[in-house]
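Undergrad: build the 3D model from these lines:
(one chain, ligands or ions: 1)
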Amino acid sequence: MKAENGMTATPVQPIVSPFYDRDGITIYCGDARDILPALVFDAILTDPPYPNYKEAEYHYQPDGLECLRAIGCPQAIFWTPCHPFPLDWRGMICWDKAAGNKNSQFEIVYQRNWTTGAKLWRYMTPHNSVRANWCGDVCNEHPSQKPIQLMKKLVAEFGDVRTICDPFCGSGSTLLAAKLAGVAAIGIEVERKWCEIAVQRLRQGVLDFGSEG
Ligand SMILES: C[S@@+](CC[C@H](N)C(=O)[O-])C[C@H]1O[C@@H](n2cnc3c(N)ncnc32)[C@H](O)[C@@H]1O
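TA: Purely as a prediction, here's the structure:
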């Protein structure tokens, strides 16, 4: 039997109870490598740790993406332009951070198991409260918080999916974007602090002005 994530279905129970489970959004606080095999979803949208950026703080592992390799559903994965993406891929979206960022001024979102071509999208990073507000966002403490308008557009790119999984969900930008789009979502995050912030954001919603940044 094939599960919706394209893997052979095995009756595995999640090894931890959800940290949060409400209105179609579930968060597990733990290691994606342990929890992911037990989950059922239709697409992956994620922003994992990558080399040479906050490696210790973000629990970077050189083989961290291996848990996604065999999953057959459409996947959109953020990655640094400074290092080769470690998995096979078919399309890419370049996120132009609209300048002013002291690290990479763009990131690549690699598309696996499907493609919508090669695209360039510009959205400002919400890395301070003034700029976040300007973009219709709310700045939180996560150093890699993604713009909610960008995440909404990526969610829409999957088309008609029921459940999106973000196995490295940080402060929950994917989950919030999915919620705003009326799509169910499952997040996994190893740091309790970011799980708590994700829950706060889901409870509060966002200033959603539909800005293009
Ligand atoms: C780049 S951040 C994601 C930020 C997120 N896109 C946001 O908008 O807040 C990557 C996250 O993955 C988490 N992480 C690292 N290894 C993990 C693992 N094995 N399982 C679950 N989460 C993990 C880190 O704690 C970090 O918060």
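Undergrad: can you tell me the helix or strand for the residue of the chain found nearest the ligand?
TA: Residue of the chain nearest the ligand, by Cβ to the nearest ligand atom: G170 (2.5 Å). Heads up, the C-betas are built off the backbone N, CA and C, glycines and all. Per DSSP states H and E, G170 falls between elements, in no helix or strand.
Undergrad: now do the contacts for the most centrally placed residue in the chain.
TA: Centrality entry for the chain: nearest residue to the mean C-alpha point is T46, 2.9 Å, by Cα atoms, centre = their mean. Residues near T46 by Cβ atoms under 8 Å, 6 or more residues apart in numbering: L68, Q75, A76, I77, F78, C165, D166, P167, F168, C169, T174.
Undergrad: with V155 instead?
TA: L45, I164, T174, A177, A178, A181, V183.
Undergrad: adding secondary structure, distance to the ligand and neighbour count, write the residues you listed out as CSV.
TA: As requested, the contacts of V155 are exported to CSV (DSSP: H, G, I helix; E, B strand; the rest coil; distance: Cβ to the nearest ligand atom, whole Å; neighbours: other Cβ atoms under 10 Å):
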residue, secondary structure, distance to the ligand, neighbour count
L45, strand, 9, 28
I164, strand, 13, 27
T174, helix, 7, 31
A177, helix, 10, 26
A178, helix, 12, 29
A181, helix, 16, 16
V183, coil, 17, 21
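Undergrad: save these as CSV, and put in pLDDT too.
TA: Output for these, formatted as CSV (pLDDT from 0 to 100):
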residue, pLDDT
L45, 99
I164, 98
T174, 98
A177, 97
A178, 98
A181, 96
V183, 98
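Undergrad: out of these, flag the one nearest to E196.
TA: Distances from E196 to the contacts of V155, taken as Cβ to Cβ, are shortest for T174 (16.6 Å).
Undergrad: could you list the low-pLDDT ranges of the protein?
TA: Low-confidence segments of the chain (pLDDT under 70): 1-14, 99-101, 205-213.
Undergrad: thinking again about what came up before, need phi/psi at the residue nearest to the centre of the chain.
TA: phi -150, psi 160 (degrees, to the nearest 10).
Undergrad: which strands and helices sit next to the helix with the most length in the chain?
TA: Secondary structure of the chain read by DSSP state H shows that its longest helix is helix 192-204. Packing partners of helix 192-204 (3 or more Cβ pairs under 8 Å, 6 or more residues apart in numbering; DSSP states H and E): strand 20-22, strand 25-29, helix 173-181, strand 184-189.
Undergrad: roughly how far is it from the heart of the chain?
TA: 14 Å (Cα atoms, centre = their mean, to the nearest Å).
Undergrad: what of stretch 150-170?
TA: On Cα atoms, centre = their mean, the centre of stretch 150-170 falls 7 Å from that of its chain.
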